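*Asks:* Show me the folded form of this:
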Amino acid sequence: MKPKVSIILTCYNKPGTVGDAIQSVMDQSFENWELYIMDDASNKVTEEVIKPYLTDPRIYYLNSQVQDEDRYKTARYATLINVAIPLTRGEYLSYLTDDNFYLPNRLEAMVAFLDQSPHIDIVYSKQKVKNVKRDLSVISEYTRNTRGILQKAANLVDHCSVIHRRKIANQVYKKFGSYWDDDPAFWHNGDAAFWDRLNEFQPFHPIDCILDICFKTPSSFQSLNAYLPDLIPDGSIVKSVRAEHFFIDNQLRRKVDEQICRKVKVNIRKAIDVHDPILFTYKEGAAIDDTVFSNVTLFPNLLLVKAKNKPGIFYIQNNQKRLILNKMAFHGYKFHTNQLTFVSESLLDQFPAGENITLPISRETILPDRILFLKGNDFYLSFGNCMHYIERKILNKLGFSIKQAVRIDEEIFSFYSQGKPFIWEQKNV
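*Replies:* Residues are numbered from 1 along each chain as shown. Next up is the predicted model:
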């Protein structure tokens, strides 16, 4: 029998919740459905959770086998949905993610609404949203309410709360050449881009009851991506969803572990959690391990170093050693002795000398990189002897403390060009 509803579930490395998502489909009171599980090359643990469900003949499984270095090139869940839609057969199309669950009457209620309203192509429902910890214990919850008939549903409706007719999807494809827009600019809100396409033809009609539950986990893309700038500044330490740590150095990701972080005085507890599509936009550089203490070309930048039993503290920048000329400069730029990495005299001698780091600041002063400045109420990061505006919410995301900020006035600020700002914007459609 041809299925009435085709459900497309996109998943990636959520072994703790993907089984419950699948089970929520199997528990539906309306049984004439098919489920396409679109797995974006998840880990083995996730695959093992999915495998027992594949004995149900209504469930299909496809693994994208995408390579990690290609993840950032498209909004992956939109890409997976575009692959799935032509494979499905149902009159109605519905969506699900690996951290969302349908309530048992969801399909029955939505199918009945569409069957009784042949002039309506799209329906949506209320949604219960639960913010949870990693162990899925609930921190808070709220209801995302319906807002009447929506001529513009973008950024108002989650795609797990929607069912639409296949015919309107075909209209979208005919006009735009694809179903969902998988431009990577829409990683954060790919459904909003698709809703705008659907709204070209029909409004969204509400069902005023809760029909699905959304779990907002710390590892969800939206949680990890929020307030993360387009460019993660050098000197940051990031943590992948696989719990691997990397140091961003000359815009390369260099793998580190807790032991080496202690040696080079990088605070691993300030690691920024990032999702794989973001991580893999940074090419992988040489790992930071004990070999950096004997090879000057491998030593990481933006560290304070000192040779034992020898005066002078240096800042490594652009693979050069910059002498911090005096205590005024050391304390004025908010450096701290607990950041000092001790190296051998022979290693330190191999670094070419850069410009001394001095205070007070004059027009000729070459600023050290990654110093946080405060002018009035605005914050700036120094890189490449330029001032880069940085939003306060991004400072918090990157682990900066406003106590680190070096206050400057308008005159000093005028000495330097302004570089590309560190900002975060949700793509509006």
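*Asks:* What residues of stretch 382-396 count as buried?
*Replies:* Buried residues in stretch 382-396, counted by 16 or more other CB atoms under 10 Å: Ser382, Phe383, Met387, His388, Tyr389, Ile390, Glu391, Ile394, Leu395. From N, CA and C alone the C-beta is placed, and that goes for glycine too.
*Asks:* what's the closest of these to Glu34?
*Replies:* Closest approach to Glu34 among these (CB to CB): Ile394, at 43.1 Å.
*Asks:* Quick check: the closest one touching His388?
*Replies:* No. Between Ile394 and His388 there is no contact under CB atoms under 8 Å: 10.7 Å.
*Asks:* Touching both of those two, which residues are there?
*Replies:* By CB atoms under 8 Å, 6 or more residues apart in numbering, Ile394 and His388 have these common neighbours: Phe422.
*Asks:* picking up where we left off before, now, the buried residues of stretch 382-396 that are in helices?
*Replies:* Ile394, Leu395 (DSSP state H).
*Asks:* Closest one to Pro300 out of the buried residues of stretch 382-396, please.
*Replies:* Nearest to Pro300 out of the buried residues of stretch 382-396 is Phe383 (CB to CB; 15.7 Å).
*Asks:* which strand residues sit across from the closest one in the sheet?
*Replies:* In this entry, Phe383 is beta-bridged to Cys386, by DSSP bridges.
*Asks:* can you tell me how far it sits from Tyr389?
*Replies:* Phe383 sits 12 Å away from Tyr389, taking CB to CB, to the nearest Å as the criterion.
*Asks:* List the buried residues of the worst-scoring helix or strand of the chain on mean pLDDT.
*Replies:* The element with the least model confidence among the helices and strands of the chain, by mean pLDDT, DSSP states H and E, is helix 221-225, at a mean of 78. Buried residues in helix 221-225, counting neighbours by 16+ other CB under 10 Å, are found at Phe221, Leu224, Asn225.
*Asks:* again with stretch 40-57
*Replies:* In terms of neighbour count (16+ other CB under 10 Å), stretch 40-57 has its buried residues at Asp40, Ala41, Ser42, Thr46, Glu47, Val49, Ile50, Tyr53.
*Asks:* Could you identify the most distant pair in those?
*Replies:* Pairwise distances among these were taken by CB to CB; the largest, 18.3 Å, belongs to Ala41 and Tyr53.
*Asks:* Dump the buried residues of helix 221-225 to a markdown table, plus distance to Ser344.
*Replies:* Output for the buried residues of helix 221-225, formatted as a markdown table (distance: CB to CB, whole Å):
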| residue | distance to Ser344 |
| --- | --- |
| Phe221 | 43 |
| Leu224 | 39 |
| Asn225 | 41 |
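*Asks:* between these, which is closest to Val305?
*Replies:* So of those, ranked by how close each gets to Val305 (CB to CB), first place is Leu224, at 32.1 Å.
*Asks:* tell me the contacts of the closest one?
*Replies:* By CB under 8 Å, 6+ apart, the contact list for Leu224 reads Pro218, Val241, Asp273, Val274, His275, Ile278.
*Asks:* and these, which of them are in strands?
*Replies:* Among the contacts of Leu224, the ones falling in strands (DSSP state E) are Asp273.
*Asks:* of the contacts of Leu224, closest to Ile122?
*Replies:* Ile122 lies nearest to His275 out of the contacts of Leu224, by CB to CB, at 28.9 Å.
*Asks:* In contact with that closest one, which residues are there?
*Replies:* Applying CB under 8 Å, 6+ apart, we find His275 in contact with Ser219, Phe221, Leu224, Asn225, Val241.
*Asks:* Which pLDDT value goes with the closest residue to the second one other than its chain neighbours?
*Replies:* It refers to Phe221. Closest residue in space to Phe221, ignoring its immediate chain neighbours: His275 at 5.0 Å, by CB to CB, 6 or more residues apart in numbering. As predicted, His275 sits at a pLDDT of 87.
*Asks:* quick one on the thing from earlier: take the contacts of Leu224 and write them to a markdown table, including distance to Ala154.
*Replies:* Converted to a markdown table, these look like this (distance: CB to CB, whole Å):
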| residue | distance to Ala154 |
| --- | --- |
| Pro218 | 26 |
| Val241 | 27 |
| Asp273 | 27 |
| Val274 | 25 |
| His275 | 22 |
| Ile278 | 23 |
